[in-house]
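Asker: can't give you the sequence, but here's the structure:
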């Protein structure tokens, strides 16, 4: 636990030591808040629905950008060999890295908090829906990051990690879309619906975004996140066999 | 202290290690020699638990690296060939990070930091970002990282690569100094680096240990003949015929007929006193000798000879199988 904390602190410092982190946060905020604010004054509605609806599509690109460096950079620079010969279980090293990326994402997400504060001043928003929307955004980020760290471990190059991460996250996004699942069902009967119910992100995300926090939806996110972290831990042990 | 028993490792179809066995006693320094790609780094990665062997076992201080990797890692300080440095960190941040990950805290960490900074000579760059350091300082920071937890065992993969001669001497002295209290394995493909540090070497080639022991013993094993250099003011008549009478004579070769026509290399059977025979012959024939010098087998010659012997023995065993 203590060693996880040491790794976590270094990884978090690595994010904030590089100018890319600040560029990332600024772009993330400008795009999300900008896209939200443009129609806001026209519609005059005190809710954040459009913000949370757009978020998953952004995250397909933003999260792999956060996670791409997690292992790939260590493997390229040689520090991977240091990390794997420290007297720390490799799963603990992984958790330190994962939590650092998660905290970095939470910081970026917290940058959007002025929006609900503004809504509260201007009108009378449904704070419950906004709260559960943020929970959904957090769980979505946690899932995509676990996919991203797993992908980053398999490759040596950050760009490859980014592209593979985008592809994997898109899979979860598109598997949940009705038109995709219907098309796939047309090719192989039942496959599209199966993928949608097992891996489809949107149904679980949407209900939370509307203000309904169901244990099943939270469990889906947490469960799948755990699966990818375990896959990552297995890979860390398996790579020794070379 | 370290026992490697029949370790094999392959990457896909490439055999990196093929039944490697060796052992290092507590408190000794082992020079691990071999050409590039011979398997030195792979063997070190297996000892440090970074990689797992396909077969065979490695014991570090009695602990099997496959069963107790964390306990083994605590005992080992490891400097990989690719320096494991975080270029975005400052030297002191980096060393604190490694120290903390190895369980050092507070006063203990500070004392160790002071010690490694002093002994690795990095006080001048302590607050600098690692990216800005020269190759020599990067190497020393890497070494400091391996020493931070005062390990019993040091595994150094090419610790002097890319350094200038003065820096090499510095690292050499540090290794010698550390060797008084620690068990050290260091690898190199540069033979001259080994002799000043230790005479205990293991030579690896194409994944097999072809020699393991003290340098003088290995030289004897490698020597197939004795060589003496002779030069004259004026080459005597019938030199080859006269020298051919010496017991153990094998060949007389002109070193360089154009530039030094009076210089020859005499080869004789191993174990015969060629210098004595030649000098008594010269006295009786009244030759005026300019040079009479036994040629010592250098580590290079030993290395090349042993590598050839190993290759031949593989070829021979191959034909036996065919027959």
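Answerer: Alright, I've got the coordinates. Note that this is a predicted model, so its numbers are computed, not measured. Numbering: from 1, shown residues only, chains lettered A, B, ... in the order given.
Asker: Spell out which parts of chain A neighbour chain B.
Answerer: A:3, A:6-7, A:10, A:13-14, A:17-18, A:77-82, A:84-89, A:240-242 (CB under 8 Å from any CB of the partner chain). (C-beta placed from N, C-alpha, C; glycine too.)
Asker: repeat that for 6 Å
Answerer: A:3, A:6, A:10, A:17, A:78-79, A:81-82, A:84-87, A:240-242 (CB under 6 Å from any CB of the partner chain).
Asker: and residue B:175, that's in a strand?
Answerer: No. Checked against DSSP: H, G, I helix; E, B strand; the rest coil, residue B:175 lies outside a strand; its state is helix.
Asker: Now do the helices in the chain.
Answerer: Let's take chain A. With helices called from DSSP state H, chain A shows them at A:2-17, A:19-43, A:49-67, A:69-77, A:79-83, A:90-110, A:114-122, A:127-154, A:158-175, A:178-187, A:191-199, A:202-209, A:215-238.
Asker: that's the other chain; I wanted chain B
Answerer: Using DSSP H, helices in chain B cover B:40-47, B:69-75, B:91-101, B:106-119, B:135-147, B:165-178, B:215-222, B:239-243, B:274-285, B:299-322.
Asker: Quick check: the residue nearest to residue B:174 when sequence neighbours are not counted vs residue B:77, distance?
Answerer: Sequence neighbours aside, residue B:119 is the residue nearest to residue B:174 in space, at 6.5 Å (criterion: CB to CB, 6 or more residues apart in numbering or on different chains). Note on residue B:119: its distance to residue B:77, by CB to CB, to the nearest Å, is 13 Å.
Asker: about what we covered before: in a markdown table: the helices of chain A, plus mean neighbour count and mean pLDDT.
Answerer: What follows is the helices of chain A, written out as a markdown table (neighbours: other CB atoms under 10 Å in any protein chain shown; pLDDT from 0 to 100):
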| stretch | mean neighbour count | mean pLDDT |
| --- | --- | --- |
| helix A:2-17 | 18 | 92 |
| helix A:19-43 | 14 | 87 |
| helix A:49-67 | 20 | 91 |
| helix A:69-77 | 22 | 91 |
| helix A:79-83 | 23 | 94 |
| helix A:90-110 | 20 | 95 |
| helix A:114-122 | 14 | 90 |
| helix A:127-154 | 22 | 93 |
| helix A:158-175 | 19 | 92 |
| helix A:178-187 | 14 | 83 |
| helix A:191-199 | 16 | 82 |
| helix A:202-209 | 20 | 86 |
| helix A:215-238 | 16 | 92 |
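Asker: Export those to a markdown table and append columns for distance to residue B:220.
Answerer: Shown next, in a markdown table, are those (distance: least, CB to CB, whole Å):
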| stretch | distance to residue B:220 |
| --- | --- |
| helix A:2-17 | 50 |
| helix A:19-43 | 60 |
| helix A:49-67 | 58 |
| helix A:69-77 | 45 |
| helix A:79-83 | 38 |
| helix A:90-110 | 46 |
| helix A:114-122 | 81 |
| helix A:127-154 | 50 |
| helix A:158-175 | 53 |
| helix A:178-187 | 74 |
| helix A:191-199 | 69 |
| helix A:202-209 | 75 |
| helix A:215-238 | 46 |
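Asker: The nearest residue to residue A:136 once chain neighbours are set aside: what's it in contact with?
Answerer: Nearest residue to residue A:136 in three dimensions, chain neighbours excluded: residue A:208, at 3.7 Å (CB to CB, 6+ apart). Contacts for residue A:208 (CB atoms under 6 Å, 6 or more residues apart in numbering or on different chains) come out as A:132, A:136, A:217.
Asker: got the residues of chain B near chain A?
Answerer: B:11, B:48, B:50-52, B:70, B:73-74, B:78, B:80, B:82-84, B:86, B:88, B:97, B:100-101.
Asker: Now which of these would you call buried?
Answerer: By the neighbour-count criterion of 16 or more other CB atoms under 10 Å in any protein chain shown, these include these buried positions: B:48, B:50-52, B:73-74, B:78, B:80, B:82-84, B:86, B:88, B:97, B:100-101.
Asker: And the furthest pair within those residues?
Answerer: B:52 and B:88 (30.8 Å; CB to CB).
Asker: still on that earlier bit, just the closest of the residues of chain A next to chain B to residue B:107, please.
Answerer: Nearest to residue B:107 among those, with distances taken as CB to CB, is residue A:6, at 17.4 Å.
Asker: For that closest one, give me its contacts.
Answerer: Contacts of residue A:6 (CB under 6 Å, 6+ apart): B:100, B:101.
Asker: Can you tell me which helix or strand of chain B has the lowest average pLDDT?
Answerer: helix B:299-322 (a mean of 66; mean pLDDT, DSSP states H and E).
Asker: Report the separation between the spatially most central residue of chain A and chain B.
Answerer: Nearest residue to the geometric centre of chain A (CA atoms, centre = their mean): residue A:141, 2.4 Å. Using CB to the nearest CB, to the nearest Å, residue A:141 is found at 24 Å from chain B.
Asker: starting at the chain centroid, how far to stretch A:62-72?
Answerer: Relative to its parent chain, stretch A:62-72 has a centroid offset of 10 Å by CA atoms, centre = their mean, to the nearest Å.
Asker: Residue B:119 and residue B:77: which is more packed in?
Answerer: Ranked by neighbour count (other CB atoms under 10 Å in any protein chain shown), residue B:119 and residue B:77 place residue B:77 first, with 26 against 15.
Asker: surely residue A:145 meets residue A:67?
Answerer: Yes. Counting by CB atoms under 6 Å, residue A:67 is a contact partner of residue A:145 at 5.3 Å.
Asker: Overlap in contacts, these two.
Answerer: Going by CB under 6 Å, 6+ apart, residues that sit against residue A:145 and also against residue A:67 are residue A:101.
Asker: I'd like to know which of the helices of chain B is closest to residue A:37.
Answerer: helix B:91-101 (39.7 Å).
Asker: I'd like the mean pLDDT over that closest one, please.
Answerer: Mean pLDDT, computed over helix B:91-101, is 95.
Asker: which parts of that helix are buried?
Answerer: So helix B:91-101, judged by 16+ other CB under 10 Å, has buried residues B:91, B:93, B:94, B:95, B:96, B:97, B:98, B:99, B:100, B:101.
Asker: Check the gap between the fourth one and chain A for me.
Answerer: When CB to the nearest CB is applied, the distance between residue B:95 and chain A equals 12 Å.
Asker: tell me the contacts of that residue?
Answerer: B:113, B:144, B:148.
Asker: Show me chain B divided up by domain.
Answerer: Chain B breaks down by automatic domain parsing into domains covering B:2-213, B:224-295.
Asker: which of these is buried the deepest?
Answerer: Of all the domains of chain B, domain B:2-213 has the most neighbours on average by mean count of other CB atoms under 10 Å in any protein chain shown, namely a mean of 19.
Asker: which residues sit in contact with residue A:153?
Answerer: Applying CB under 6 Å, 6+ apart, we find residue A:153 in contact with A:71, A:232, A:235.
Asker: Turn the domains of chain B into CSV, including distance to residue A:45.
Answerer: Formatted as CSV, the domains of chain B follow (distance: least, CB to CB, whole Å):
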stretch, distance to residue A:45
domain B:2-213, 44
domain B:224-295, 93
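Asker: Worst mean pLDDT among those?
Answerer: domain B:224-295 (a mean of 81).
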